[in-house]
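Q: Test case, fold it:
(one chain, ligands or ions: 2)
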Amino acid sequence: MIKTNNLSKTYRLGKVSVHAMIDVSICIQGGEFVAVMGPSGSGKSTLMNLLGCLDQPSSGSYHLENFDIKNLNQNQLAEVRNKRIGFVFQNFNLLPRASALENVELPLLYGRVKNSQILALKALERVGLAKRSKHRPNELSGGERQRVAIARAIVNKPAIVLADEPTGNLDTSTGNEIMSIFSSLNSEGTTIILVTHERAIASFARRTIEMKDGYIYKDKINSEIAV
Ligand code: ADP
Ligand code: MG
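A: Ligands and ions are numbered 1, 2, ... in the order given. Sure, this is the predicted structure:
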C-alpha cells in the first residue's frame, strides 16, 4: 500500500540545508497500525507530510497503492489527499466559525459528494459526537475537537489515516479515548500511521518505527499491544 525507497527531504533556508529526512525506505501494508516515534526534530512530521502527499521529496521514490507519486499531476494529488487519505493533527485544525457538522462536511463539499450532511452526521456518530453537531470548536473540549477532526478525516472513508501527535494536547485519559477510536477504525481495516512522543500511546499500534536525525533506526513489531 505504502512503499518508499530512499525517500529524502532537504529543506533549504538560504545557504543552509536541513536534511530533515534521509534515505527512508519503508513498506506499510494495508490494514497496518504503525506508530512513529522519535525526539523532536527527528523528521517525523516531514515523513507524515511526504506520505500524505502534502509535500514533495527531494529524492527517492514513493509508491502509494501502486501509483508512483511522481507521475501524478496536481489534480490527481489533490484527489488522493481528499479521498484516499485522512489527516489528523495535534492542533485539530478545525475552522473556528464553522459547526462540528460543517467542519466534517468540508471534504465532501470539496469532492462534490451528494448527501453531505447525512454522511457528515454519520461520521460524527461514528466518533460518538452526533449530539454536538451544532457546536463550534470553541464550545467543545479538546477531546471533542479531536473527535470532530477524526470524523472529518474519515468522512470520505479513506484507506489511510495519518495522525501527527493527535493526543499531544490531550490529557492521558482523553488521549486513550482517542486511541480507542483509532484502534477501532484499524480493526475495520483502515491503515493507521500515527506520530507520538509517548510509549504508552505507541503501544496501541502493532508496529513502531523509531526515527533519529532524519533516518529510521528501529522498526519493530510491538510485543504488548494496549486495548
Ligand atoms: P519532528 O516532527 O520529528 O519534530 P520535523 O519533521 O518537523 O521533525 O523536522 C525535521 C527537521 O527539519 C528539523 O530540524 C526541522 O527544524 C526541519 N524542518 C521542518 N520543516 C521545515 C521547513 N519547512 N523548513 C526548514 N526546515 C524545516
Ligand atoms: Mg512533528
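
Q: what helices or strands is the helix ranked longest in the chain leaning on?
A: Longest helix of the chain, by residue count under DSSP state H: helix 172-187. Contact analysis of helix 172-187 by 3 or more C-beta pairs under 8 Å, 6 or more residues apart in numbering; DSSP states H and E lists strand 33-37, helix 142-154, strand 160-164, strand 191-195, helix 199-202 as its packing neighbours. C-beta: built from backbone N, CA, C; applies to glycine.

Q: Turn the ones you listed into a markdown table, including distance to residue 210.
A: Conversion of these to a markdown table gives the following (distance: least, C-beta to C-beta, whole Å):
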| stretch | distance to residue 210 |
| --- | --- |
| strand 33-37 | 5 |
| helix 142-154 | 24 |
| strand 160-164 | 16 |
| strand 191-195 | 11 |
| helix 199-202 | 9 |
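
Q: Nearest to residue 114 among these would be which one?
A: Residue 114 sits nearest to helix 142-154 of all the helices and strands packed on helix 172-187, at 17.9 Å, using C-beta to C-beta.

Q: How about residues contacting the closest one?
A: Helix 142-154 has contacts (C-beta atoms under 8 Å, 6 or more residues apart in numbering) with 86-89, 92-94, 100, 103-104, 106-107, 120, 123-124, 126-129, 132, 135, 137, 140, 161, 163, 166-167, 169-170, 174, 177-178, 181-182, 185, 190.

Q: just the buried members of these?
A: 86-89, 92, 94, 100, 103-104, 106-107, 120, 123-124, 126-127, 129, 132, 135, 137, 140, 161, 163, 166-167, 169-170, 174, 177-178, 181-182, 185, 190 (16 or more other C-beta atoms under 10 Å).

Q: Just the ones in strands from the residues you listed, please.
A: Among the buried ones among the contacts of helix 142-154, the members found in strands (DSSP state E) are 86, 87, 88, 89, 161, 163.

Q: For my notes, confirm residue 77 occurs in a helix.
A: Yes: assessed by DSSP: H, G, I helix; E, B strand; the rest coil, residue 77 belongs to a helix.

Q: pLDDT score for it?
A: Model confidence at residue 77, given as pLDDT, is 95.

Q: can you start the count at 32 instead of 1 from here on
A: Done: numbering now begins at 32, and the last item shifts to residue 108.

Q: middle-most residue in the protein, spatially?
A: Central residue of the chain (C-alpha atoms, centre = their mean): residue 193, 1.5 Å from the mean position.
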